[in-house]
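In: Requesting a structural model of the entry that follows:
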Amino acid sequence: MTPVHEELLREFQDFARSAATDKAVMEFISERLHEKMTRYNWVGFYLVDPTDSGVLLVGPFAGSFTPNARIPLNTGLCGAAASSGQTVVVHDVTKDSRYLAGSPLVKCEIVVPIFARNRLAAELDIESYFFTTFTDPEKEFVEACARVVGKYFEKR
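Out: Sure, this is the predicted structure:
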């Protein structure tokens with residue numbers, strides 16, 4: 001990870017220690033990532049629907065377009081990450097048929113599942129207007145950000 005990654009991660013961990021709600025943690029992380037990481041053009045969270053565990057609902061986000069509000073677990077890159085329990089990185093979304101378009105400007109996406117007590121609770125989804133944004137160091141950083149949220153969820 002870069003020094004910027006490490007600084008942001010510390011900021012997120014510090015904020016999460018005293019945050020009042022999970023929504024506050026997700027809002028803070030999405031806004032700071034969108035603000036500080038210039039190639040992160042849309043940053044947001046999807047939460048497992050409490051009334052239908054087969055659906056993800058959009059949560060806090062920051063970015064330049066309105067996201068898909070509901071995503072079935074068998075649909076899109078978010079669904080692929082949720083179903084597999086693994087991070088999904090697509091360097092060119094035009095070449096992946098699973099991609100659900102949120103904006104025609106998006107070129108690259110990463111989706112990281114967030115677990116609490118060994119169950120899928122949410123996902124961190126970041127989209128970029130630049131190809132190949134999510135290199136291995138970026139992936140490691142985004143996964144670390146997702147773990148901050150997962151740990152917060154486990155406290156509640």
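In: which residues in the chain form helices?
Out: 3-18, 22-36, 76-84, 136-155 (DSSP state H).
In: Name the helix or strand of this protein that has the lowest mean pLDDT.
Out: strand 70-72 (a mean of 90; mean pLDDT, DSSP states H and E).
In: same for that one, what does it pack against?
Out: strand 52-63, helix 76-84 (3 or more Cβ pairs under 8 Å, 6 or more residues apart in numbering; DSSP states H and E). Glycine gets a C-beta too; all of them are placed from N, C-alpha and C.
In: Nearest residue to the middle of this protein?
Out: residue 124 (1.5 Å; Cα atoms, centre = their mean).
In: quick one: contacts for that residue?
Out: 29, 43, 44, 45, 111, 112, 114, 142, 145, 146, 149 (Cβ atoms under 8 Å, 6 or more residues apart in numbering).
In: Now do it, the pLDDT please.
Out: We have a pLDDT of 98 for residue 124.
In: so what's it bridging to?
Out: With beta bridges defined as DSSP bridges, residue 124 has these partners: residue 45, residue 112.
In: Okay then, goodbye and thanks.
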